[in-house]
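In: sequence first, then the predicted structure, then my questions.
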Amino acid sequence: MIGRAYTWLLLGWLLLPVAVMALFAFNDTENRGNTRWQGFTLRWYQHLFDRPDLTRAFATSVVLALVSTAVATVLGTLAGLALGRYRFRGRGAVNVVVLMSVACPELVLGAALLSMFVTLNVPRGFPTLVAAHVLFSLGFVAVTVRARVAGLDPAVDEAARDLGAGPWARFRLVTLPMIAPGVAAGALLAFAMSIDDVVVTGFTGGSTVTFPVWVYGATKTGVPPQANALGTLLFAAGALAALAASRRRPRQSSEPKITEEISR
Amino acid sequence: MARRGRFAPYLLVLPGGLWLLAFFLIPMTLMASLSLQSGNLIDGFRQTFHWQNYRDGIGVYGGVLARSLGYALAATVACAVLSYPAAHWIAFRAGRHKTRYLFLLVVPYFVSFVLRTFAWRQVLTDDGPLLGPLKDHGLLPTDFRVLDTGFAVIAGLTYNFLPFMALPIYVALERVDRSLPEAARDLYAGRAAAFARVLLPLSLPGVFAGAVLTFVPMAADYVNAEVLGGPDDTMVGGVVRAEYFDNGAYPTASALSFTLMAVLLVAVLAYARALGARNVLGDAA
């Protein structure tokens, strides 16, 4: 009983800022501070895109997250497949570098990338942001896919080969459907990390500003309620996506059975 | 599973490998070189291989570095203490609602990191929704404040990184063979003894893994310190940022980043050595 009460207390503590953020999107405030409750209004949702700089930052965030997730998912999946399925010269080294890129604090990643862009006189902007975001999510996708591949039964792929399937057909019809949950989890992680990143983006974006960086800059002077509204919408989208992903989970458990049947 | 491939594995790993080379290994090398240069933004930097930047960095910012590590350590302990009972309850008592509770545990983190940290600022402002009423009723002195203190920074870090501790603990508890604590009870161990001598030791790998996952990013974080802390609560990440962007002191900033990374690496390795690598790094070790 105490355990249940404590767990709910902890969850309440975790959820409190979410509620506050959502609530202050309805705050009828005049000044930019938005720290005192002044009454209920819907006008911030009605005028969601009234601040061009905020809107631009938000759009940049979404496009950046989509582009970097796509690139990181493809590169990470291929690397994860190689690391999980094959033994090759340099595999240990690649594993170590992938692990380092995952474990390295964001601050150090950002500082290192900035050092390179400064040294080589690369102008910072959207392309450097894509490079940076793909970098910090690539390792996570590779690790997720590698774990999934390592759990696969090699007999399935061999069976497909015995039945005359070429490498591409085997990848598309056998391997990809089996690693799909890992790829999807990796992609979801990459998207979540990209859209939320403030540290690496602050270092590598130059004058290109994303939603979190814009909000971070605004915390000094006051975050406008539109930012709360956009944040709430983003939260709702993310929570729904995660919920949908977890609802699909039961299908995964039937896979080992299929594998067993085929390998028999 | 592992098989030998001639070209396939190299072709598969090549694009990702090149990306890691171009945007991780080369930048790290260039940052190392930059940290050993001297000069300034206007006259340019020259490679001098002086260790002066490191000596200066540690001399001036040693205190900030120590504070960062201290805050991160305090928040790591707080994460473990706060999340263990909840992880335990979810693993053993939540029954078929486990996934629901786990979802509630991670769902706050779908809110943008900066926004959720700023929301705490809104909650904790000196005359805000929490402290305001308490002060009005004389329950707190009027000059009482939480914001702009070290406590606020530690609390913010704890809040922001809690799932990285709670989930590994949950997984470790979930893996424990249920019959072991039961056997302890059958052998007349009390509830406390069965927990302290059987369940807790078996779940410690989760705590150790969680400690690494929380400590490293927390020590390098500066957002919590800048949003929730005062001028005396700066963490090393904030200094690195300021040296890069406000002072243009790239060599100093690079040297500080490297120092931080080296300190964290040594801390994690020492920790892994003391506890056994497999306990800390799991199957990766």
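Out: In hand now; what should we look at?

In: count of residues packed around residue 20?
Out: Reading this off chain A. For residue A:20, the count of nearby residues is 23 (other C-beta atoms under 10 Å in any protein chain shown). All C-beta atoms are positioned from the backbone trio N, CA, C, and that covers glycine.

In: oops, wrong one, chain B.
Out: For residue B:20, the count of nearby residues is 24 (other C-beta under 10 Å).

In: so it makes contact with residue A:134?
Out: No. If you go by C-beta atoms under 8 Å, residue B:20 and residue A:134 don't touch, sitting 10.0 Å apart.

In: can you tell if stretch B:19-27 touches chain A?
Out: Yes. Counting by C-beta under 8 Å from any C-beta of the partner chain, chain A is contacted by stretch B:19-27 at B:19, B:20, B:22, B:23, B:24, B:25, B:26, B:27.

In: okay, that stretch in PDB with CA atoms only?
Out: Taking Å, rounded to 0.1, in the frame of the first residue of the first chain, the C-alpha atoms of stretch B:19-27 are listed here in PDB:
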ATOM      1  CA  TRP B  19      30.300   9.600 -40.600                       C
ATOM      2  CA  LEU B  20      31.800   8.700 -37.300                       C
ATOM      3  CA  LEU B  21      35.200   9.300 -38.600                       C
ATOM      4  CA  ALA B  22      34.400  12.700 -40.100                       C
ATOM      5  CA  PHE B  23      32.200  14.100 -37.300                       C
ATOM      6  CA  PHE B  24      33.500  12.300 -34.200                       C
ATOM      7  CA  LEU B  25      37.100  11.100 -34.400                       C
ATOM      8  CA  ILE B  26      38.400  13.900 -36.500                       C
ATOM      9  CA  PRO B  27      36.700  16.600 -34.500                       C
END
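
In: returning to that earlier point: for the residues of stretch B:19-27 next to chain A, give me TSV that also has secondary structure, distance to residue B:78 and pLDDT.
Out: As requested, the residues of stretch B:19-27 next to chain A are exported to TSV (DSSP: H, G, I helix; E, B strand; the rest coil; distance: C-beta to C-beta, whole Å; pLDDT from 0 to 100):
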residue	secondary structure	distance to residue B:78	pLDDT
B:19	helix	37	97
B:20	helix	34	97
B:22	helix	39	96
B:23	helix	34	97
B:24	helix	32	96
B:25	helix	35	96
B:26	helix	38	96
B:27	helix	33	96
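
In: from those residues, pick the one nearest residue A:61.
Out: Nearest to residue A:61 among the residues of stretch B:19-27 next to chain A, counting by C-beta to C-beta, is residue B:23 at 19.9 Å.

In: just checking, that closest one touches residue A:113?
Out: Yes. Assessed by C-beta under 8 Å, residue B:23 is found in contact with residue A:113 at 6.5 Å.

In: now do the shared contacts for the two.
Out: When contacts are counted by C-beta atoms under 8 Å, 6 or more residues apart in numbering or on different chains, residue B:23 and residue A:113 are jointly contacted by A:131, A:132, A:135.

In: and the second one, how many neighbours?
Out: I take that to be residue A:132. Neighbourhood size, residue A:132 [other C-beta under 10 Å]: 29.

In: now the closest residue to chain A within the stretch 151-285 of chain B: how far from residue B:36?
Out: Proximity of the stretch 151-285 of chain B to chain A (C-beta to the nearest C-beta) peaks at residue B:220, 3.4 Å away. The gap separating residue B:220 from residue B:36 is 22 Å, by C-beta to C-beta, to the nearest Å.
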